[in-house]
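Novice: here's a sequence, model it:
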Amino acid sequence: MPDLKVATCCYCGARTTLRPTAQDGHGLACGSCGAPLTRMKALRPEQAQAAARHPTAPHPMPMKPPKKKRKKKKSLFHKLAKEVWDEIEEIFD
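Specialist: All right, here's what the predicted structure looks like:
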């Protein structure tokens, strides 16, 4: 980029790099809204590069779905107690 220029757009107020217009290539337009720029102030190349960089927005961390609670296996004691209880009920019936 031989001659990088940054200006503040008089329409949208954005501070962007200037790009040539598509019609004749000699006019300059705002990089954000495309409006033709009539008044501009050229910056030094160091300042122009610093102003042209846009910081990226931090990405939010994706939310993990909550872990499902696993069902506990019935213990051997529980199975035996159920069998004994069934036998006792059979006796009384």
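Novice: neighbours of the residue nearest to residue 14 when sequence neighbours are not counted, how many?
Specialist: Nearest residue to residue 14, sequence neighbours excluded (Cβ to Cβ, 6 or more residues apart in numbering): residue 32, at 4.1 Å. All C-beta spots, glycine's among them, are computed from the backbone N, C-alpha and C. By other Cβ atoms under 10 Å, the residues close to residue 32 number 14.
Novice: where in the chain is the helix or strand with the lowest mean pLDDT?
Specialist: helix 45-52 (a mean of 57; mean pLDDT, DSSP states H and E).
Novice: after the longest strand along the chain, next one along is what?
Specialist: Looking across the chain with DSSP state E, the single longest strand is strand 15-20. Downstream of strand 15-20, the next assigned helix or strand under DSSP states H and E is strand 28-30.
Novice: which helices and strands sit right next to that following strand?
Specialist: Counting contacts by 3 or more Cβ pairs under 8 Å, 6 or more residues apart in numbering; DSSP states H and E, strand 28-30 packs against strand 15-20.
Novice: give me the buried positions along the strand it packs on.
Specialist: By neighbour count with 16 or more other Cβ atoms under 10 Å, strand 15-20 contains the buried residues 15, 16, 17, 18.
Novice: residues contacting the second one?
Specialist: Neighbour list for residue 16: 6, 7, 9, 30, 31, 32, 52 [criterion: Cβ atoms under 8 Å, 6 or more residues apart in numbering].
Novice: next, format those as a markdown table and append distance to residue 85.
Specialist: Converted to a markdown table, those look like this (distance: Cβ to Cβ, whole Å):
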| residue | distance to residue 85 |
| --- | --- |
| 6 | 84 |
| 7 | 87 |
| 9 | 83 |
| 30 | 83 |
| 31 | 80 |
| 32 | 78 |
| 52 | 80 |
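Novice: which among the residues you listed count as buried?
Specialist: Neighbour-count burial (16+ other Cβ under 10 Å) is assigned, among the contacts of residue 16, to 6, 7, 9, 30, 31, 52.
Novice: any chance of JSON lines for these, columns distance to residue 60?
Specialist: Below are the buried ones among the contacts of residue 16 laid out as JSON lines (distance: Cβ to Cβ, whole Å):
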{"residue": "6", "distance to residue 60": "30"}
{"residue": "7", "distance to residue 60": "33"}
{"residue": "9", "distance to residue 60": "30"}
{"residue": "30", "distance to residue 60": "30"}
{"residue": "31", "distance to residue 60": "27"}
{"residue": "52", "distance to residue 60": "26"}
